[in-house]
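Participant: dropping a prediction and its sequence here:
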Amino acid sequence: MAEKDEALERMKRAQAAKPNWRESAGKKKEDSTKKAKDALSQVTKQAETAKSKQNRGDDLSEKETMTKGVPTRKAAPAPSAQPPFIAEHTVVSGDTLSGIAAKYYNSAAREKWMAIYEANKEIIGDNPSLIRPGQVLKIPKLD
C-alpha cells in the first residue's frame with residue numbers, strides 16, 4: 001500500500017511540475033489579443049484626433065490628411081500663387097475700391113477693383129463696399 005501512495009505522490013508532483021498546456025495556450029491567446037486591441041485602440045485614437053481636428057476646422061499637420069478615417073501622409077502643399085503687388089494703399093475716408101483701381105490702373109472697371117478686393121479679402125471681409133479708413137490694401141499687379 002505504501003508503494004501505491006508513493007506512486008500516487010510521484011504522479012501528483014510530476015503533474016504539478018508539468019505546465020498545463022491549456023493554461024499556457026490561453027495565456028498566449030490573451031497576450032496576442034491584448035496586443036491587437038492596443039494597436040486597434042491606438043489607430044482609433046489617431047483617427048478620432050484627426051477627425052476632431054477636421055471637424056473643428058483645425059489644420060492637420062502639414063503632412064497629414066484623412067483617408068478612410070485614418071491619418072495618412074500627403075505631399076507638401078504647393079506654394080500659394082499670390083500675385084506680385086505693385087503698391088500698398090492706406091484707405092482714407094471717402095475711398096472706394098473703384099476709386100483706388102482708377103488711381104493705380106487708370107480704370108475703375110469691375111475686373112480692376114475686384115482684383116484689389118480678391119487680393120485683400122481677408123482684410124476687407126465679405127462686403128467689398130465696406131472698406132474702412134486705416135486699412136492697408138495691397139494692390140496686385142495685373143497681367
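Facilitator: On my side now, so go ahead. These figures come from a predicted structure and were not determined experimentally.

Participant: what about residue 92, how many neighbours?
Facilitator: Applying other C-beta atoms under 10 Å, we find 10 residues neighbouring residue 92. Bear in mind the C-beta positions are built from the backbone N, C-alpha and C, glycine included.

Participant: got the contact list for it?
Facilitator: Residue 92 is in contact with residue 133, counting by C-beta atoms under 8 Å, 6 or more residues apart in numbering.

Participant: would it count as being in a strand?
Facilitator: No - under DSSP: H, G, I helix; E, B strand; the rest coil, residue 92 falls outside any strand and is assigned coil.

Participant: show me where the chain has strands.
Facilitator: Residue ranges of the strands in the chain, as given by DSSP state E, are 64-67, 70-73, 85-90, 136-140.

Participant: which outside residues touch the third one?
Facilitator: By that I understand strand 85-90. 95, 100, 103-104, 119, 134-141.

Participant: closest to residue 9 among the residues you listed?
Facilitator: Using C-beta to C-beta, residue 119 comes nearest to residue 9 of those, at 95.0 Å.

Participant: touching, the closest one and residue 136? I think so.
Facilitator: No - in this structure, residue 119 is not within contact of residue 136 by C-beta atoms under 8 Å, at 11.9 Å.

Participant: mind picking the two most distant members of the contacts of strand 85-90?
Facilitator: Going by C-beta to C-beta, the pair spanning the contacts of strand 85-90 furthest: 134 and 141, at 24.0 Å.

Participant: residue 112: neighbour count?
Facilitator: 19.

Participant: same question for residue 142.
Facilitator: Residue 142 has 14 nearby residues by other C-beta under 10 Å.

Participant: what bridges to residue 89?
Facilitator: residue 137 (DSSP bridges).

Participant: can you report phi and psi for residue 142?
Facilitator: In terms of degrees, to the nearest 10, the main-chain angles of residue 142 are phi -100, psi 150.
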